[in-house]
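J.: Have a look; sequence and predicted model below, questions after that.
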Amino acid sequence: MNYRYIVIEGCIGSKKTELADKLSFFFNCIFIKENPGKNPFLIPFFLNIKHHALAAQLQFLLDRSRILEQIKNEELKNDATIISDFLIEKDKIFAPVTLESDELDLYWKIRNQIMPNIIKPDLIILLEPSLDKIYTNLDAKKGSSSEIYPPNFIKKIFDEYQRFFYVYDEVPILIANTDELDFINNDDHFNLLIKTMSNLQGKKNYINLNE
């Protein structure tokens with residue numbers, strides 16, 4: 001495999017963690033997982049976004065700065081390949097949705113001090129289920145439910161993912177409509193993904209069933 005650092009991304013409920021885990025097992029490489037549930041401000045944030053958004057974002061920033069150091073250290077090893085279930089720069093998606101303008105200005109200042117240089121992945125696999133599919137996935141997940149999120153929060157994040165990746169062109173992206181593709185449970189679809197990863201051209205690529 002020519003990729004040293006692969007990121008699986010997608011809106012909340014897109015099953016990116018499950019795919020990252022499966023790919024890391026398939027390629028026998030390092031899996032770096034975000035674990036947002038370990039953020040102690042996450043539940044207070046869901047209960048009152050206005051009062052706890054900055055604390056939650058800053059905790060995620062500190063966690064990602066440590067993960068960034070781990071990625072840097074692993075990349076120093078010549079034979080290390082990394083698959084992660086999040087893009088370090090995903091705060092560009094979440095922070096504008098959750099923070100007030102003055103908080104957002106402060107956040108970017110702190111972020112630029114803590115993480116002045118961010119390593120870019122070699123490839124992003126972007127999962128794009130429909131919003132209805134996302135709600136279905138969340139409600140089907142054990143111990144989870146779309147109802148734990150504030151009203152319209154998932155919709156706002158979904159829209160921001162669309163906006164962000166529409167203009168993102170810093171690294172190659174492989175985009176998959178996961179309403180029709182099931183990489184987790186369908187071996188044919190998973191094998192199609194592996195094959196497509198080996199034949200990408202340009203910055204924006206799409207995977208579909210007629211390939």
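T.: Here it is on my side, so go on.
J.: drop to CA atoms for contacts and neighbour counts, all remaining ones
T.: Will do.
J.: from the middle of its chain, how far away would the host helix or strand of Lys72 be?
T.: Assigned by DSSP states H and E, Lys72 belongs to helix 49-75. The chain centre lies 13 Å from the centre of helix 49-75; the measure is C-alpha atoms, centre = their mean, to the nearest Å.
J.: The helix or strand following it packs against which elements?
T.: Moving toward the C-terminus from helix 49-75, the next helix or strand (DSSP H and E) is strand 82-84. Other elements packing on strand 82-84 under the criterion 3 or more C-alpha pairs under 8 Å, 6 or more residues apart in numbering; DSSP states H and E are strand 5-10, helix 16-27, strand 30-32.
J.: The helix or strand following strand 82-84 - contacts with which helices or strands?
T.: Counting by DSSP H and E, the next helix or strand C-terminal to strand 82-84 is helix 91-98. If you count contacts as 3+ C-alpha pairs under 8 Å, 6+ apart, helix 91-98 packs onto helix 49-75, helix 153-167.
J.: List the buried residues for helix 91-98?
T.: Asp91, Ile93, Phe94, Ala95, Val97, Thr98 (16 or more other C-alpha atoms under 10 Å).
J.: I'd like the average pLDDT over it.
T.: Across helix 91-98, the average pLDDT comes to 96.
J.: Please list all residues in contact with the closest residue to Thr17 other than its chain neighbours.
T.: Spatial nearest neighbour of Thr17, excluding adjacent residues (C-alpha to C-alpha, 6 or more residues apart in numbering): Asp85 at 5.2 Å. Contact partners of Asp85, counting by C-alpha atoms under 8 Å, 6 or more residues apart in numbering, are Val7, Ile8, Glu9, Lys16, Thr17, Ala20, Ile32, Lys33, Glu34.
J.: if we go to 10 Å?
T.: Asp85 is in contact with 6-10, 15-21, 31-35, 124-125, counting by C-alpha atoms under 10 Å, 6 or more residues apart in numbering.
J.: From Leu42, how far out is it?
T.: 18 Å (C-alpha to C-alpha, to the nearest Å).
J.: Between the helices and strands packed on strand 82-84, which one is closest to Asp105.
T.: Of all these, strand 5-10 sits nearest to Asp105, with 25.2 Å by C-alpha to C-alpha.
J.: same for the closest one, what does it pack against?
T.: Applying 3 or more C-alpha pairs under 10 Å, 6 or more residues apart in numbering; DSSP states H and E, we find strand 5-10 packed against helix 16-27, strand 30-32, helix 49-75, strand 82-84, strand 123-127, helix 153-167, strand 173-176.
J.: try 6 Å this time
T.: Secondary-structure packing of strand 5-10 (3 or more C-alpha pairs under 6 Å, 6 or more residues apart in numbering; DSSP states H and E): strand 82-84, strand 123-127.
J.: what's next to the shortest one, contact-wise?
T.: If I follow you right, that is strand 82-84. With C-alpha atoms under 6 Å, 6 or more residues apart in numbering as the test, strand 82-84 has contacts from Tyr5, Ile6, Val7, Ile30, Phe31, Ile32, Lys33.
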